[in-house]
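Trainee: dropping the sequence and predicted coords here.
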Amino acid sequence: MKRIPATVVTGFLGAGKTSLMSHAVNAAKGRRLALIVNEFGETGVDGGILSACGFEGCRDEDIIELANGCICCTVADDFLPTIETLLGRAEPPDGILIETSGLALPKPLVKAFTWPEIKSRVTVDGVIAVIDARAVLDGRFADDPAKVAAQAAADPSLDHDNPLEEVFEDQLVCADLVILNKSDLLTAAELATVEAELRSRLAEHGRSGVKIVATKHGAVPIEILLGLEAAAEDDLASRPSHHETELDHDHDDFESFSLPLAPVADMDGLMATLAKLAAAHDILRLKGFLSVPGRDLRHLVQGVGARLNGYFDRPWGANEARDGRLVIIGQKGLDRAAIARGLQGYLA
């Protein structure tokens, strides 16, 4: 019996994974695809973005959200039962796309495909790492030597590993294909610099054969994404990780919370406020939906650091509560009270 191919889409917070998923499903060309969307935090947004796109042949029941925890740490409790449910359908999907949380490690997820319950029925066609080119150029995933030295001098007992760099690198070196996204935000020379850095990191870990494709807005032909036939679950040894055992990995370095938003008439004011808060508190990711008075369309807000954008994504449902909510993700120690105070006037 032919095994169903599953594609794991990994990448750090805000890299463009959901956009890539949207383009892939929209170009499915008659293939029945099931989507599993995992988010860090109790409030899901990405699944709502995908369901708003109205893909032909992609029903609401084909979009499954796994929120409130990274999939790499909830494999037995959440992921495996979900896969078994999909495989047990009268008409199983032709393929499965799995969007991991931006903080998830892909290797434990790939390893789950070796479990006897599913090994004979599904295979990992490939691991796709979506990379935010601008974030790499800005040094988001590189250590600041001066900062590390100052911390070490102040307290030699501190563990100075960079959790952002470790998660980013785990995602990168597990990949069969790297999508260098948001390339339109860089000059040709800057893009070449970023690509050289990624190739250096891949080569350092024995993954120099991994292809890199530059793109914008996650728009990649489906023929490139699907059909890699990597059988990644049989190739675990060549995919190194900073967290080889489950005991080594947790998400205590990061946190997430959400805030209710009132209807927003001054969109420019909100976006300016969010940009200032993101910079002041080193917020990694902002995303959410909100209501605009006088408009029957839902407004989506997204941000990576202080880079923000927003647009109307779909009409509100006839009986849908027009409740606004903003999800905020950052490193441990976010000053939630200060961020909430900064949003006074916009909160419900």
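Mentor: That came through, no problem.

Trainee: tell me where this protein has strands.
Mentor: Listed in chain order, the strands of the chain (DSSP state E) span 4-10, 33-38, 63-66, 95-99, 122-132, 177-181, 211-214, 254-261, 283-290, 297-304, 307-315, 324-331.

Trainee: would you single out the least confident of the ones you listed?
Mentor: The minimum mean pLDDT among the strands of the chain belongs to strand 63-66 (a mean of 82).

Trainee: any regions of the protein where pLDDT drops low?
Mentor: Counting by pLDDT under 70, the ranges of the chain that qualify are 1, 40-60, 67-77, 142-161, 244-252.

Trainee: tell me the centre residue of it?
Mentor: G102 (3.5 Å; CA atoms, centre = their mean).

Trainee: do I have it right that that residue meets V9?
Mentor: No. Taking CB atoms under 8 Å as the definition, G102 is not a contact partner of V9, at 10.8 Å. The way it works is simple: take the backbone N, C-alpha and C, and place the C-beta from them, glycine included.

Trainee: now for these two: what residues contact both?
Mentor: Common neighbours of G102 and V9, counting by CB atoms under 8 Å, 6 or more residues apart in numbering, are K17.

Trainee: rewinding a little: which one of the strands of the chain lies nearest to G139?
Mentor: Across those, G139 has its closest neighbour in strand 122-132 (12.1 Å, CB to CB).

Trainee: mind giving me the packing neighbours of that closest one?
Mentor: Secondary-structure packing of strand 122-132 (3 or more CB pairs under 8 Å, 6 or more residues apart in numbering; DSSP states H and E): strand 4-10, helix 17-26, helix 106-112, helix 163-173, strand 177-181.

Trainee: tilt between the first one and strand 95-99?
Mentor: Right, strand 4-10. Inter-element angle recorded for strand 4-10 and strand 95-99: 20 degrees (by axes from the mean of the first three to the mean of the last three CA atoms, to 10 degrees).

Trainee: on contacts alone, who are the packing partners of strand 4-10?
Mentor: For strand 4-10, the elements it packs on are helix 17-26, strand 95-99, helix 106-112, strand 122-132, judged by 3+ CB pairs under 8 Å, 6+ apart.

Trainee: what's the closest non-adjacent residue to the residue nearest to the centre of the chain?
Mentor: Distance criterion CB to CB, 6 or more residues apart in numbering; nearest residue to G102, sequence neighbours excluded, is L13 at 3.3 Å.

Trainee: and the contacts of stretch 334-348?
Mentor: For stretch 334-348, the external contacting residues (CB under 8 Å, 6+ apart) are 255, 257, 259-262, 264, 270, 273, 276-277, 280-281, 283, 323-324, 326, 328.

Trainee: buried ones among these?
Mentor: By neighbour count, with 16 or more other CB atoms under 10 Å, the contacts of stretch 334-348 hold 255, 257, 259, 261, 264, 270, 273, 277, 281, 283, 324, 326, 328 as buried.

Trainee: and those, which is closest to L290?
Mentor: Of all the buried ones among the contacts of stretch 334-348, G324 has the smallest distance to L290: 3.5 Å, by CB to CB.

Trainee: show me what contacts that closest one?
Mentor: 260-264, 288-291, 348.

Trainee: next, format those as a markdown table and append distance to P163.
Mentor: As requested, those are exported to a markdown table (distance: CB to CB, whole Å):
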| residue | distance to P163 |
| --- | --- |
| P260 | 29 |
| L261 | 29 |
| A262 | 34 |
| P263 | 37 |
| V264 | 33 |
| G288 | 24 |
| F289 | 28 |
| L290 | 30 |
| S291 | 35 |
| A348 | 32 |
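
Trainee: OK, contacts around A280?
Mentor: Taking CB under 8 Å, 6+ apart as the test, what A280 contacts is G342.

Trainee: G345: how many residues sit nearby?
Mentor: 11 (other CB atoms under 10 Å).

Trainee: ditto for I329
Mentor: Residues near I329, counting by other CB under 10 Å: 23.

Trainee: swap in E197?
Mentor: Other residues within reach of E197, judged by other CB under 10 Å, total 14.

Trainee: domain map for the protein?
Mentor: Using automatic domain parsing, the domains assigned to the chain come out as 4-248, 254-342.

Trainee: all good on my end, thank you.
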